[in-house]
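*Asks:* any chance you could fold what I've pasted below:
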Amino acid sequence: MNFPRTALAVAFVAGLSGTAIAQNTNWVEIDDDTMVAPFNVGADELDDVDVYNSANKTIGEVEEVIGTDENTPTALVVEFEDDAGYGDRDDVIIPLDRFSMNDDKLVLNDDAAAVANYQTYDD
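*Replies:* Prediction:
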């Protein structure tokens, strides 16, 4: 079956939106005792944790764990170090699925270009 190019383009863009963070989401801070499943730790344990890039360089730290309600963690708010190469941005909202744990280090799997597209957290 042949699909028109427009239909394929729409399907491609729709697939990409699964990892994007909506710009109009009403974010709330996650309750400290809530487990953040991908990392198997409580939200309070992630506060002030260093964030690394894939080259094992410290690039920032976690400021907040946020979500759409107090018990559903969805993203981390990261403050980047000035010399990390991610621009002069504080409180950047990054989806949980963009991180991994490597040797007990929280690693951001996105590069600076991807981070530039994420919104800022206004608490």
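*Asks:* might one say that residue 86 is in contact with residue 51?
*Replies:* No: the criterion here is C-beta atoms under 8 Å, and residue 86 misses it with residue 51 at 9.8 Å. Using the backbone N, CA and C atoms, a C-beta is placed for each residue, glycine as well.
*Asks:* any shared contact partners between those two?
*Replies:* 59, 60 (C-beta atoms under 8 Å, 6 or more residues apart in numbering).
*Asks:* how close does residue 48 sit to residue 61?
*Replies:* Between residue 48 and residue 61 the computed distance is 6 Å (C-beta to C-beta, to the nearest Å).
*Asks:* who's more crowded, those two?
*Replies:* More neighbours sit around residue 61 than around the other of residue 48 and residue 61, counting by other C-beta atoms under 10 Å; the figures are 18 against 10.
*Asks:* buried ones in the strand or helix carrying the more buried one?
*Replies:* In this structure, residue 61 is located in strand 58-67 according to DSSP states H and E. The neighbour-count criterion (16 or more other C-beta atoms under 10 Å) identifies 59, 60, 61, 62, 63, 64, 65, 66, 67 as the buried residues of strand 58-67.
*Asks:* right, I'll leave it there.
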